[in-house]
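In: the following block contains a protein sequence and its predicted model.
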Amino acid sequence: MSRPLRYGAAVLVLAALAVGVGWAFRAKLSQRRERTQRLATLPPLPARRLDGSAFLPLTEATGPIVLIYFEPDCDHCQRQATEVSRHAAEFGAARLLWLSKDSLPALRQFAQRYGLARQPTMQVAQIRPETAQKLGLFSVPDIRIYGPDRQLRCRYQGETSAAAISRAL
């Protein structure tokens, strides 16, 4: 094969790779944009109370909603629960909904240990893994603050101070 043909073939291969990478990047960006738009409005959220009964927590809330996705064994989530429970009065009429896909006994123990069960504006509930995935809840703690209109106001990933949460309300 002559030298110009080899260079031409190499250029074609590199061009094909560049187009493929560009196409994959564009598809990923499109998926991310779609997920962001989908999560901008809080969808109906089927969950289970600590007693095991099914409910739709959004039908019970009229003001702002703070979703806190957590795992009972997570050190960061435990510190977050301590912080939020200690400053519960600062959240006003907001409803704080602690969501996890862990077992109900583990959630009951977590709610008791961190005083969440005693707070009238807080509720611990179990969601299905598919619901967590649909909402894009992958890391813990993941905190999302929605206004009374169910539009996303703010999102925090990782431990967040109670002051930052109350400011976002």
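Out: Received the coordinates, thanks.
In: need the pLDDT of the residue nearest the centre of the chain.
Out: Residue closest to the mean C-alpha point of the chain, counted by C-alpha atoms, centre = their mean, is Leu137 at 3.8 Å. With respect to pLDDT, Leu137 has a value of 87.
In: how many residues are close by Ser166?
Out: 17 (other C-beta atoms under 10 Å). For every residue, glycine as well, the C-beta is placed using N, CA and C.
In: over to Arg26?
Out: So Arg26, with other C-beta under 10 Å, has 10 neighbours.
In: how about it, secondary structure?
Out: Assigned with DSSP: H, G, I helix; E, B strand; the rest coil, Arg26 falls in the helix class.
In: related to what we said a few turns ago, from Glu90, how far off is the residue nearest to the centre of the chain?
Out: When C-beta to C-beta, to the nearest Å is applied, the distance between Leu137 and Glu90 equals 24 Å.
In: flag the shaky bits of this protein, pLDDT-wise.
Out: Residues of the chain that meet the criterion pLDDT under 70 lie in 1, 24-25, 27-39, 59-61.
In: swap in 90 and give it another go.
Out: Under the criterion of pLDDT under 90, the regions of the chain flagged as low confidence span 1-45, 54-63, 92-93, 117-120, 131, 133-138, 148-150, 169.
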